[in-house]
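S.K.: Could you look at this predicted model? Sequence included:
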Amino acid sequence: MKEKKVPMRMCVGCREMKPKKELLRVVRSPEGVVSIDASGRKPGRGAYVCFSAECLKRAIKQKQLERAFECPLGEETHASLLSQLQSLEEKA
């Protein structure tokens, strides 16, 4: 029997290719709201980040998320993403 192909995605923070299940999806909804998509099924434009705060901070600092979403992100959005990531880490 044929093995299934594992989907790979690139982390926008560290720029490493990893299996999709090992990364966290950040999504910009059609309304323009940027949030973390834990299920991976929300509609909108997505970008992938490792489950570490360092990768998310690097993606914010290097404006990789702004490039991926094709829109500027404010400081309140950055703080919201970091707090959402921390709450996900506490649950795990």
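M.R.: That came in fine, so what should we check first? Remember, predicted model here, so these are calculated numbers, not experimental data.

S.K.: do you know how far the residue positioned nearest the centre of the chain is from Glu3?
M.R.: Computing the C-alpha centroid of the chain and ranking residues by CA atoms, centre = their mean puts Val26 first, at 3.2 Å. With the distance defined as CB to CB, to the nearest Å, Val26 ends up 29 Å from Glu3. Placement of C-beta: from N, CA and C, glycine included.

S.K.: And for Gln62?
M.R.: Applying CB to CB, the value for Gln62 to Glu3 is 35 Å.

S.K.: Look at these two and report which has more neighbours.
M.R.: In this comparison of Gln62 against Glu3, neighbours counted by other CB atoms under 10 Å, the higher total goes to Gln62 at 13 against 5.

S.K.: Which helix or strand contains the residue nearest to that one when sequence neighbours are not counted?
M.R.: Beyond its immediate neighbours in the sequence, the residue positioned closest to Gln62 (CB to CB, 6 or more residues apart in numbering) is Gly13, lying 8.0 Å away. Counting by DSSP states H and E, Gly13 is held by no secondary-structure element, helix or strand.

S.K.: What about Gly13, how many residues nearby?
M.R.: For Gly13, the tally of surrounding residues (other CB under 10 Å) stands at 24.
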